[in-house]
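Visitor: task: produce atomic coordinates for the following.
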Amino acid sequence: MNGERPELAEQLDDVVLALLRTAAADRAGMSLTAASALARLQRSGPARLTELAAAEGITQPSMTTLVGRLVTQGLVERASDPRDGRAVVLSLTPAGAELLARRRAARTDRLAPLLADLSPDDLRAIAEAMPALTRLAGALRRPSAHVEVAR
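Guide: Below is the predicted model of the structure:
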């Protein structure tokens, strides 16, 4: 199985990129980084800017710029951290949650017809792979303490 892992990783990378291209076809003027930061706030709840930057794998200055735009657009709000009044906590606004819901619905609408064209065996194989793929996605979402990439 170890010898197959690099090949499987390559195949998975190809599939993920194809799915991303489909999912990101209509980004409504939002970068994948911005959408990812919003989705993380939705999944994980309020966070400090430094935590969000680390979790998303981007520099703090880049996240500061991004958050400024998201606040201006009404998608994220800043509030004082109840544990430390000097710090700021970022939260998803209802408008941000609504935008994420619309984007997810649009992606689902693009993928559903493609799934309808697959055989029952293919659909079953995809469904059976979902738990493992979900665990893999969870591992990818964990911040890497030693890597900081500006996007």
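
Visitor: what stretches of the protein score poorly on pLDDT?
Guide: For the chain, residues meeting the criterion pLDDT under 70 lie at 1-3, 23-28, 143-151.

Visitor: can you pull out the strands in it?
Guide: 47-48, 76-81, 84-92 (DSSP state E).

Visitor: can you list those in a markdown table and add mean neighbour count and distance to Ser62?
Guide: Any C-beta I mention is one placed from the backbone N, CA and C, and that applies to glycine too. What follows is the strands of the chain, written out as a markdown table (neighbours: other Cβ atoms under 10 Å; distance: least, Cβ to Cβ, whole Å):
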| stretch | mean neighbour count | distance to Ser62 |
| --- | --- | --- |
| strand 47-48 | 18 | 15 |
| strand 76-81 | 15 | 15 |
| strand 84-92 | 15 | 14 |
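
Visitor: redo those strands as a markdown table? Include distance to Leu140.
Guide: Output for those, formatted as a markdown table (distance: least, Cβ to Cβ, whole Å):
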| stretch | distance to Leu140 |
| --- | --- |
| strand 47-48 | 18 |
| strand 76-81 | 23 |
| strand 84-92 | 21 |
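
Visitor: check contacts around the most centrally placed residue in the chain.
Guide: When the chain is reduced to its mean C-alpha position, the nearest residue by Cα atoms, centre = their mean turns out to be Ser36, at 3.4 Å. By Cβ atoms under 8 Å, 6 or more residues apart in numbering, the residues touching Ser36 are Glu56.
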